[in-house]
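Novice: quick one: sequence plus predicted model below, questions after.
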Amino acid sequence: MKLVIGLDGHQSGEKALAFAKNLATQSDDCELLVVYVIEWSPFTFQTAEENAQRHKRREEEIAIAMERVVEPAVASLKEAGLSARAIVRHGDVADTIDNIAHSEGASQIIVARSSAGGLTSRLFGSSTANLVMHARVPVTVVV
């Protein structure tokens with residue numbers, strides 16, 4: 001079994017991690033994929049210099065997300081004896097999480113509800129409807 005946990009960097013993500021951790025302990029063989037999506041427009045800049053700056057900023061954002069959000073979550077899961085790895089991508093939140101889950105062969109996507117914004121504020125609108133209604137695997141929203 002493979003589970004995708006979508007985090008947004010807010011405290012509510014701990015609930016999604018705890019839920020996924022509990023599910024994983026009920027399985028003999030489960031891999032947890034901790035996913036953080038940095039919303040990014042497909043807009044392309046006109047000059048080579050602007051594109052280079054944009055690429056540098058993307059790389060910096062990925063490094064920050066890994067260090068502050070994803071790596072600590074993965075470490076806590078591994079400390080509990082679970083198999084876990086990190087994935088950070090740029091893109092549309094719902095589409096990117098669904099694409100990762102599908103390409104990785106995940107059996108479920110787990111996200112947390114949050115009043116703090118971030119992933120949830122983008123998801124609980126048209127993005128949530130898109131993820132829940134169009135994801136190719138079941139989605140659990142932890143409250």
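Specialist: Good, I have the coordinates.

Novice: which secondary structure element of the chain has the lowest mean pLDDT?
Specialist: Least confident helix or strand, the chain: helix 119-122 with a mean of 52, by mean pLDDT, DSSP states H and E.

Novice: tell me the average confidence for the stretch of helix or strand N99 belongs to?
Specialist: Using DSSP states H and E, N99 maps to helix 93-104. Helix 93-104 comes out with an average pLDDT of 95.

Novice: which helix or strand lies directly C-terminal to that helix?
Specialist: strand 108-112.

Novice: quick one, longest helix in this protein?
Specialist: Ranked by number of residues, the top helix in the chain under DSSP state H is helix 48-65.

Novice: on contacts alone, who are the packing partners of that one?
Specialist: Identification of packing neighbours for helix 48-65 by 3 or more Cβ pairs under 8 Å, 6 or more residues apart in numbering; DSSP states H and E yields strand 31-38, strand 83-90. Where C-beta positions appear, they are placed from N, C-alpha and C, glycine not excepted.

Novice: what helices or strands is the first one leaning on?
Specialist: This points to strand 31-38. Packed next to strand 31-38, using 3+ Cβ pairs under 8 Å, 6+ apart, are strand 2-7, helix 13-25, helix 48-65, helix 71-79, strand 83-90, helix 93-104.

Novice: let me know which of these is tucked in deepest.
Specialist: Ranked by mean neighbour count, the helices and strands packed on strand 31-38 are led by strand 2-7 with a mean of 26 (mean count of other Cβ atoms under 10 Å).
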